[in-house]
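*Asks:* below: sequence and its predicted model.
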Amino acid sequence: MLLKLGIDELITKKEQFAETGIKTPEYDFEKVWEVTEKEPTWLHFGGGNLFRAFHSVLQQHLIEKKEIDKGIIVVSSGNSGTIEKIYHPYHNLSLNVVMKADGTLDMEVIASVAESISTYNSPESWDRLKEIFRSPSLQLVTFSITEKGYDLRDLNGEIRESVRNDIFKGLMQSNHAMIMVAALLYERYQSGKVPLALVSTDNFSHNGDKLKEAVLTVASMWKEIGVVDNGFIDYINDETKITFPWSMIDKITPQSSEIVSEKLTELGFGSAEIIYTRPNGPAIAPFVNTEESEYLVIEDRFPNGRPSLEKVGVYFTKREVVDQVERMKVCTCLNPLHTALAIFGCLLDYTSIADEMRDKDLKALVEKLGYDEGMKTVTDPGIIDPIQFIKEVIEVRFPNPNIPDTPQRIATDTSQKLGIRFGETIKRYVEREDLNATDLTFIPLTIAAWCRYLMGINDAGEEMNISPDPLLNEVQQYINKIEFGNTDSIGTNLQPILSNQKIFGTNLYEIGLGTKIEEFFKQLIKEPGAVRKTLHHQIVS
Ligand SMILES: NC(=O)c1ccc[n+]([C@@H]2O[C@H](COP(=O)([O-])OP(=O)(O)OC[C@H]3O[C@@H](n4cnc5c(N)ncnc54)[C@H](O)[C@@H]3O)[C@@H](O)[C@H]2O)c1
Ligand SMILES: O=P(O)(O)OC[C@@H](O)[C@@H](O)[C@H](O)[C@H](O)CO
């Protein structure tokens, strides 16, 4: 009989789990859930793969060290169906699978999620969330809702109509996470102005500021139409009450993989099914697969206290240090390299990041992006050495064949990531007297390759699937006017994209990169094989 994820199984079959090599929780998890329901301390928005492989595991280890007696409450604000499909059916239990470089698996059942709430069109959940936000014991609300979860505006920088309509409905339940959080904060404001920290753990620079700006935008619009008073705005701005600490988070956590699912079943674990929430949609599963390396650095500003996560490896530090670590990881040593591998990998028909790292041109591309172009803008944060970090990324983490990561996953929402992953470095090249943006080669080449990718044609000249992206329709209205193989058809069609500050953080023409990118793009669309040829030529020249 295969072992299943379930309360009774965990209690009655502890030994079989151990024999299978699966660690089970060393605490009375039902008691933890009970205490958490009454006195919540930690709420998390977006219980996707990263949360299940990182935040919830940290909390489990803290509980096991007897540093805390409470779990985490998870809220899913998107319509992915995750809560209904992989939280509720398994009593919020999950199997964390760490895929080590030597091919072995570390497996552990995680029971630190005490409750999971889906807010999508659910009035009952809304009442429960309001109750949680009124609770004085609540110390922190964390987020891993993807970059687009914070976005209120369209490509022209205007508040989207649907968002505006939702805001004008007042303090009602909304399906937009930022409107939801603003309304819930108002609930807390009204029940004694109790302090709270709201911590974004999404991949972008100064993530706390972006979260604060989104929440304040909603609150200020409510203030204008008389839904909230000025005291509410003051409450959000008062750092003794509400903080938005910055953070840097790092742990490569791909979607649940069929290969891992098969291995688990072979080992005797039966809750290993892969579930697709929609056709061609992301794969989710009762297990999550991740890598061994992990880094979490958080600005230490928690006005209502916080769990002692430093006891399980989390760094708490000053804002300047978070900024430096985050710039190092998200803008230089990991994420830009990932995005370059995603774009070129899709064009060159790869489906594995590890396989891409065995391609000499692609390995050289990430080395040039990281060591040559990006590293010049990095300040050593002191707590993690940038050269050691990038070396581990390029030599150990990306090439790990046991991590089933794909360029297609990383290519998701690229329009939301370019400004952070490349735009910040470009800005530094513009600002610094000793650097010159027009000296850059591999960043503009990657941006040109993204435009080429948006054509939906691979390097062999065949139709290719494009990963979901909220700006796809907006950017493709220009790209679709360009004909593969016909460089004359480019005309002015790239200009609305490359000049867009919302995508890149700068107008790329104004800093002399627009034309360079157009030139690369011309080469990339010339004929089948042109992507490989252009890339190889730049690598060797
Ligand atoms: N997976 C990783 O390797 C990794 C590592 C470091 C940081 N991150 C950060 O974490 C984020 C989430 O990664 P993941 O692997 O958990 O992704 P995931 O797809 O497994 O989960 C994303 C979660 O966000 C929610 N969501 C999606 N769109 C939303 C929206 N518009 N509004 C509100 N909620 C929304 C979904 O419901 C889901 O719960 C990434 O975008 C990134 O910023 C991921
Ligand atoms: O999660 P995203 O979509 O923001 O970016 C895709 C990957 O680059 C990212 O998930 C990395 O795996 C992660 O940042 C590693 O810590």
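*Replies:* On my side now, so go ahead. Ligands and ions are numbered 1, 2, ... in the order given.
*Asks:* please count neighbours and contacts with C-alpha atoms only from this point.
*Replies:* Will do.
*Asks:* remind me which residues of the stretch 251-400 of the chain are low pLDDT?
*Replies:* Scanning the stretch 251-400 of the chain for pLDDT under 70 picks out 280.
*Asks:* ligand 1 contacts on that one?
*Replies:* Counting by C-alpha under 6 Å from any ligand atom, the residues of the stretch 251-400 of the chain close to ligand 1 are Lys251, Ile252, Thr253, Pro254.
*Asks:* just the buried residues of these.
*Replies:* Lys251, Ile252, Thr253, Pro254 (16 or more other C-alpha atoms under 10 Å).
*Asks:* could those residues be laid out in TSV, adding secondary structure?
*Replies:* Converted to TSV, those look like this (DSSP: H, G, I helix; E, B strand; the rest coil):
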residue	secondary structure
Lys251	coil
Ile252	coil
Thr253	coil
Pro254	coil
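*Asks:* for whatever residue of the stretch 151-300 of the chain ends up closest to ligand 2, which non-adjacent residue is spatially closest?
*Replies:* At 3.2 Å from ligand 2, Asp250 is the closest residue in the stretch 151-300 of the chain, using C-alpha to the nearest ligand atom. Excluding its sequence neighbours, the residue lying closest to Asp250 (C-alpha to C-alpha, 6 or more residues apart in numbering) is Tyr295, at 5.0 Å.
*Asks:* Phe521 too?
*Replies:* Ala448 (5.0 Å).
*Asks:* ok, that neighbour - how many residues close by?
*Replies:* Ala448: 26 surrounding residues under other C-alpha atoms under 10 Å.
*Asks:* which element follows the helix or strand in which it is found toward the C-terminus?
*Replies:* Here Ala448, judged by DSSP states H and E, is contained in helix 442-453. Next along the chain after helix 442-453, taking DSSP H and E as the criterion, comes helix 472-479.
*Asks:* so how far is stretch 183-199 from its chain's centroid?
*Replies:* Computed by C-alpha atoms, centre = their mean, to the nearest Å, the chain-centroid distance of stretch 183-199 equals 25 Å.
*Asks:* ok, Val288 to Pro254 distance?
*Replies:* Here Val288 is placed at a distance of 8 Å from Pro254 (C-alpha to C-alpha, to the nearest Å).
*Asks:* shared neighbours of the two, anything?
*Replies:* Residues touching both Val288 and Pro254 (C-alpha atoms under 8 Å, 6 or more residues apart in numbering) are Asn49.
*Asks:* so who does Gln173 touch?
*Replies:* Contacts of Gln173 by C-alpha under 8 Å, 6+ apart are Pro123, Trp126, Met180, Ala183.
*Asks:* could you give me the PyMOL syntax to select whichever of those are buried?
*Replies:* Buried residues among the contacts of Gln173 (16+ other C-alpha under 10 Å), as a PyMOL selection:
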select buried, resi 126+180+183
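*Asks:* from the contacts of Gln173, which single one is nearest ligand 1?
*Replies:* Nearest to ligand 1 out of those is Met180 (C-alpha to the nearest ligand atom; 9.8 Å).
*Asks:* right, and Glu483 touches Gly461 too?
*Replies:* No. The criterion here is C-alpha atoms under 8 Å, and Glu483 misses it with Gly461 at 11.5 Å.
*Asks:* outline the domain layout of the chain.
*Replies:* Using automatic domain parsing, the domain ranges for the chain come out as 26-93+108-253+292-316, 318-540.
*Asks:* make JSON lines out of these and add distance to Leu2.
*Replies:* Formatted as JSON lines, the domains of the chain follow (distance: least, C-alpha to C-alpha, whole Å):
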{"stretch": "domain 26-93+108-253+292-316", "distance to Leu2": "15"}
{"stretch": "domain 318-540", "distance to Leu2": "24"}
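*Asks:* who's the residue nearest to Thr243 when sequence neighbours are not counted bridged to?
*Replies:* Take Thr243 and drop its neighbours on the chain: the residue closest to it by C-alpha to C-alpha, 6+ apart is Ala197, 4.8 Å away. Beta-bridge partners for Ala197, by DSSP bridges, are Leu140, Thr243.
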